[in-house]
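Trainee: quick one, fold the following:
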Amino acid sequence: MANVSKPGFDLNAYLRSAGPGRRIVQLNSSQVFFSQGDSADCVFYLHKGRAKISVLSSSGKEATIRLVGAGNFFGEKAMAANPGLRVTTATAVTACTALRIARPEFLRVMREEQDFSNLFSSFLLECNLRTQADLVDQLFNRAEKRLARVLLLLAEYRQPGEDDVLIQPISQQALASMIGSTRPRVNAFLSRFRKLGFIEYNGRIRVHKSLLNVFLRD
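Mentor: Alright, predicted model coming up:
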């Protein structure tokens, strides 16, 4: 178990600044944080922007398995007992700023600072719960409902009374890979959602809370 955080340890300041074993990195859209097959030697904490986590099959088919927003970790495989090689690729979807924390430094701060350990443990628990929800979604929900759920997650409603959110740019192919469907079907679903007034779609997608009607109905 981690010790109580030392007096003077500022979790927010630590995550926002460079220092021993950690540095700030800035990437443009489409640049890669790490690639499948790279050594899993660091963890990233995203300050700004959005990144996607994807995997490439032996046949060359890419699937997007997670989108990362500001305030989240990624590359957490580096914290496994024997991390080995990356099994996914992390790519900037928009311009990104992130903190890169080398594995030895990450292990140190996890061991010595309770606040940091609690934050990362909460992140891992949230990821685990999201993975379980995604599995249930794939097993029991039709593709249209899975797309509605993904769009609502991307919108990340946080402000009371907020009725719509313009989500970050994302391709129909990326959405298709996230719900296990095809781009033409995603296009058809988006067109239907737009006709029903659940979204606005003109290059970028604006999600209305009424889209919950698709996700909640039987």
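
Trainee: contacts, neighbours, all on C-alpha from now
Mentor: Noted.

Trainee: which residues in the protein form helices?
Mentor: 11-16, 103-112, 114-140, 143-155, 172-179, 183-195, 212-216 (DSSP state H).

Trainee: residues making contact with the first one?
Mentor: In other words, helix 11-16. Residues outside helix 11-16 that contact it (Cα atoms under 8 Å, 6 or more residues apart in numbering): 45, 47, 99, 115-116.

Trainee: what's the closest of the residues you listed to Phe73?
Mentor: Tyr45 (4.4 Å; Cα to Cα).

Trainee: would you confirm that Thr88 contacts Ile53?
Mentor: Yes - between Thr88 and Ile53 there is a contact under Cα atoms under 8 Å: 6.4 Å.

Trainee: just to revisit the earlier point, dump the helices of the chain into a markdown table; add mean pLDDT as well.
Mentor: Output for these, formatted as a markdown table (pLDDT from 0 to 100):
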| stretch | mean pLDDT |
| --- | --- |
| helix 11-16 | 96 |
| helix 103-112 | 96 |
| helix 114-140 | 80 |
| helix 143-155 | 84 |
| helix 172-179 | 85 |
| helix 183-195 | 90 |
| helix 212-216 | 69 |
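
Trainee: Ala40 is nearest to which of these?
Mentor: The closest of these to Ala40 is helix 103-112. By Cα to Cα, the value is 8.4 Å.

Trainee: okay, and the beta partners of the residue positioned nearest the centre of the chain?
Mentor: Closest residue to the average C-alpha location of the chain: Val68 at 2.2 Å, with Cα atoms, centre = their mean. Beta bridges link Val68 to Ala51 when assigned by DSSP bridges.

Trainee: what's the spacing between Gly197 and Ala70?
Mentor: Between Gly197 and Ala70 the distance is 29 Å, computed by Cα to Cα, to the nearest Å.

Trainee: an error on my part: the question was meant for Ser181.
Mentor: In this view, Ser181 and Ala70 are 27 Å apart by Cα to Cα.

Trainee: domain ranges for the protein?
Mentor: The chain breaks down by automatic domain parsing into domains covering 11-138, 141-216.

Trainee: look up phi and psi at the nearest residue to Lys77 once chain neighbours are set aside.
Mentor: Leaving aside its sequence neighbours, Lys77 sits nearest to Pro83 (Cα to Cα, 6 or more residues apart in numbering; 5.9 Å). Note on Pro83: backbone dihedrals following degrees, to the nearest 10 are phi -60, psi -40.

Trainee: tally of neighbours for Glu126?
Mentor: Summarising burial for Glu126: neighbours were counted as other Cα atoms under 10 Å, giving 12.

Trainee: likewise Gly19?
Mentor: 12.

Trainee: show me what it bridges to in the sheet.
Mentor: With DSSP bridges as the rule, Gly19 is bridged to Arg22.

Trainee: give me the pLDDT for it.
Mentor: Note for Gly19: predicted pLDDT of 96.

Trainee: measure it to Glu105 for me?
Mentor: Distance from Gly19 to Glu105, by Cα to Cα: 10 Å.
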